[in-house]
Structure formats: structure tokens, C-alpha cells
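Q: Below is the sequence, then the predicted model.
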Amino acid sequence: MLELVTAGESHGPALVAIVTGLPAGLRLDCDAIDRDLRRRQEGYGRSPRQKLEKDQIEVLAGLRHGLTLGSPLALVIRNRDYANWAWGMSPWLPDGEPMGKGSEPVTLPRPGHADLAGALKFGHDDVRNALESASARQTAVHVAAGAVAKALLDEIGVFVAGIVVQIGSATREEGWRQATDEARAERDTLGGVVEVCADGVPPGLGSYTGKGDRLDTRLAAALMGIQAVKGVEIGDGFALAGKRGSDVHDEIEPGLRRATNRAGGIEGGITNGEPVVVRAAMKPLPTLMRPLRSIDLASGEPGEALVERSDVQAVEALAVVAEAAVAWELARAAKEKFGGDALVDFVAAHAGYLERIGWPRER
């Protein structure tokens, strides 16, 4: 079973991921992983930090000459900005006087961020102890893990891609930059909607036997776990609630395929052979250059929330992060379904299953 554990702070030394359960013999492409990391950093409205950080993957274990070994895969992305935060984010208490970024405690939490809730939950006097781990910077290492998942899915003909659907209130590409420019001029932020589509997904991934086994449950959790995401829908989602059943359900045709895909490729928590389609809605980012009202946790006095370098909008980045999240969950479900300690066994089990159910590889 594929499992993923990540660690790292936004301005700490590095971001780390440990991937377990990969079959041996899977070829990974360093350039492909780095390409996805670059895609995450691109987009109109990103902060200056994206020019400072040049995210590149390092592999410390589980890979030899580009092939997985079947042992845990250890991934690292260094934070170049850590050089400016070396005292403030040092894992150990440094000698000498506090200096540089992060040396002053943060006591004014930002509305909309995990600052206040995290400080209260974990008993932190300095809100930075919460905000560093809750930061969307950690999505970088999730994108790296998603690139690994995409390599595994590619072996069985499954391809995953994320796109932007909406930025602010603009639903067309020509309006996205204008909306971003207007928000920037007013020192504000924007949210938006992204869509991820996975083609080539065979029927039978996931299960209806338990809530935690349903693939729609897992996809929703994976996308809701991305920072700033506040809503998820599968297929036509919320639009289906206002229609009649005769206008909603995808009728089954000869060959067991569908002419429509309003269910988004999942019925009863199981893939049905149609493309898996999911959307995620992102709220406007909570770090504003025009700070909102807050309370100083040290003095109890009213004040203005922390102002720190931030994006105007990161919807284009969300499309890449959501793509990685969906790929990871599909890869997990495929590994559960087809098993295999070696890649050849995983691929052979997939082929044997398609033959058993008579499912054509091409529509």
C-alpha cells in the first residue's frame, strides 16, 4: 500500500517526503519531477519568493540509477530562503543575539490562516511555530510525490492533468490577469476554481464496502487537505442537486461505456471506467498587504494581522497541486487493486484484470 509522510517548515532548511509501498523497477525521471515543481511556482500573481526558490528534487534513498528499489523513497527539496532565516528558523537554539528574519515573535494572528487555531491547539506563544508548518510552501513536496505517482500511473495508461477554471469571478483566461491586477492594486487577494481530469482509469478502483475505502471520500479528503481549499465536487457535483434523476445519471451503453459523465467517473465510491473529474474551490489567500483586524496574543490589545510576503492569487499553482493530489490517490487505489512488489507484477495484474472483465484499453 502506498503511503506518504511529509515534513518541513516554510522557511526551514528543507521539505521532506517519505514514500513507501512503491514497487521495485519503476523508472523515475528527475527532469519530469522538477518540471512539475516549476509548474507549481509559475502563474500570474505569485509572490517574489517564487523567483528566489528554484525547487529541485533530491533523492536520498530508495532509488538507484533511476529505478525504485522497493524500499522507502526519501525526497528532499531545499529551501533557498532559509539562508535569510537561519537564526529565526534554526532547528537548534543559536548562539548570540537574535538576528535576521523570524527573530521576532509573531503575536498578531491572521484571520483565515491557521495562526490562531494552531497557536491555541499546540500552546505556542509565537504564532510562527504554527504558521510555518501550515504554510502552502509544503505543497512543493506533495507535488514531487505526485510526480512519482504519475510515473506509476503512466505504466497502466492513466494520465492526470489539472487546469484553471476560474480566478476571482473571471471564468475566461483573458479576464484572469485583469482580475489579479485589480486585486493587487487594492492590496487584496483572490481565490478560484480548478479542475483535475484523469483519463484511462479502469473501472473498479475504490470500494463501497466502507466509508474510508470509497475513492470519492479519499479524493475529497486529498483535495480538502490542500491549503486554502474550501470546497470539492466530483463530476457535476452541486449542480446535480437541482435536477431530476432522469437528467443526471449516466446511462449505460453497449460496451459498458457512457455517453455522458455527470458522475465524474465514480459511482458508489468506485471508478466506472469513465474519466475521473474533480474540482476544488480555493478561498482568497489570508495574507493581505492590507491587513485585517486581529488581537495581539501577548498584550490582548486590538491590532492588525501579520503582513508577510504573499501571492495575490495562487489558483494556477493550485491546479498543479490538485493534479498531484488526485494522482497520488489514484496511484494508491491502483496499488491496492493490483498489488505487486515488482513493477512487472503490478502491470501484469492490471492487464489480467482488464482481460477478465473484457474492458477495452481504447474507447
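A: Received, thanks. On a predicted model such as this, the values are computed, not experimentally measured, just so you know. Residues are numbered from 1 along each chain as shown.
Q: Please count neighbours and contacts with C-alpha atoms only from this point.
A: OK.
Q: how about the helices in this structure?
A: Assigned by DSSP state H, the helices in the chain fall at 30-41, 49-52, 115-122, 128-134, 139-154, 173-185, 215-224, 315-338, 343-357.
Q: In a markdown table: those helices, plus mean pLDDT and mean neighbour count.
A: As requested, the helices of the chain are exported to a markdown table (pLDDT from 0 to 100; neighbours: other C-alpha atoms under 10 Å):
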| stretch | mean pLDDT | mean neighbour count |
| --- | --- | --- |
| helix 30-41 | 96 | 19 |
| helix 49-52 | 65 | 12 |
| helix 115-122 | 97 | 16 |
| helix 128-134 | 95 | 20 |
| helix 139-154 | 98 | 24 |
| helix 173-185 | 94 | 15 |
| helix 215-224 | 98 | 20 |
| helix 315-338 | 98 | 26 |
| helix 343-357 | 97 | 15 |
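Q: looking at those helices, which is closest to V76?
A: Minimum separation from V76 across the helices of the chain (C-alpha to C-alpha) falls at helix 139-154, 7.4 Å.
Q: Not counting that closest one itself, show me its contacts.
A: Helix 139-154 is contacted from outside by 4, 6, 15-17, 19, 26-28, 32-34, 36-37, 40, 55, 57, 75-77, 158-160, 226, 320-321, 323-325, 327-328, 330-331, 334, using C-alpha atoms under 8 Å, 6 or more residues apart in numbering.
Q: Kindly report the same for stretch 182-189.
A: With C-alpha under 8 Å, 6+ apart, stretch 182-189 has contacts from G45, T180, L190, P284, L285, P286, L288, M289, R290, D311, V312, Q313.
Q: Put the buried members of those residues into a PyMOL selection.
A: Of the contacts of stretch 182-189, the buried ones go into a single PyMOL selection, burial set by 16 or more other C-alpha atoms under 10 Å:
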select buried, resi 45+180+190+284+285+286+288+289+311+312+313
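Q: What about the contacts of stretch 182-189, which are in strands?
A: Secondary structure defined by DSSP state E assigns none of the contacts of stretch 182-189 to strands.
Q: Kindly reformat the contacts of stretch 182-189 as a markdown table containing distance to K101.
A: Compiled in a markdown table, those are given as follows (distance: C-alpha to C-alpha, whole Å):
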| residue | distance to K101 |
| --- | --- |
| G45 | 23 |
| T180 | 28 |
| L190 | 27 |
| P284 | 26 |
| L285 | 22 |
| P286 | 20 |
| L288 | 19 |
| M289 | 18 |
| R290 | 21 |
| D311 | 19 |
| V312 | 22 |
| Q313 | 24 |
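Q: and the least confident of the contacts of stretch 182-189?
A: Sorting those by pLDDT puts G45 at the bottom of the list (78).
Q: these two touch, right, it and D311?
A: Yes. Applying C-alpha atoms under 8 Å as the test, G45 and D311 come out as touching, 5.9 Å apart.
Q: What is the neighbour count of the nearest residue to V278 once chain neighbours are set aside?
A: Using C-alpha to C-alpha, 6 or more residues apart in numbering and skipping the chain neighbours, the partner closest in space to V278 is I234 (4.4 Å). Neighbourhood size, I234 [other C-alpha atoms under 10 Å]: 21.
Q: roughly how far apart are V344 and V160?
A: 22 Å (C-alpha to C-alpha, to the nearest Å).
Q: residues touching the nearest residue to E233 once chain neighbours are set aside, list them.
A: Spatial nearest neighbour of E233, excluding adjacent residues (C-alpha to C-alpha, 6+ apart): R279 at 5.3 Å. The contact partners of R279, taken as C-alpha under 8 Å, 6+ apart, are V193, V194, E195, V196, V232, E233, I234, G235.
Q: S169: which of those is nearest?
A: The nearest one, if we look at these relative to S169 and count by C-alpha to C-alpha, is V193, at 9.8 Å.
Q: pLDDT value on that closest one, please?
A: At V193, pLDDT is 98.
Q: Same question for S47.
A: pLDDT, S47: 71.
Q: burial count for it?
A: S47: 17 neighbours (other C-alpha under 10 Å).
Q: That one touches D311, doesn't it?
A: Yes. S47 lies in contact with D311 (C-alpha under 8 Å); the separation is 4.4 Å.
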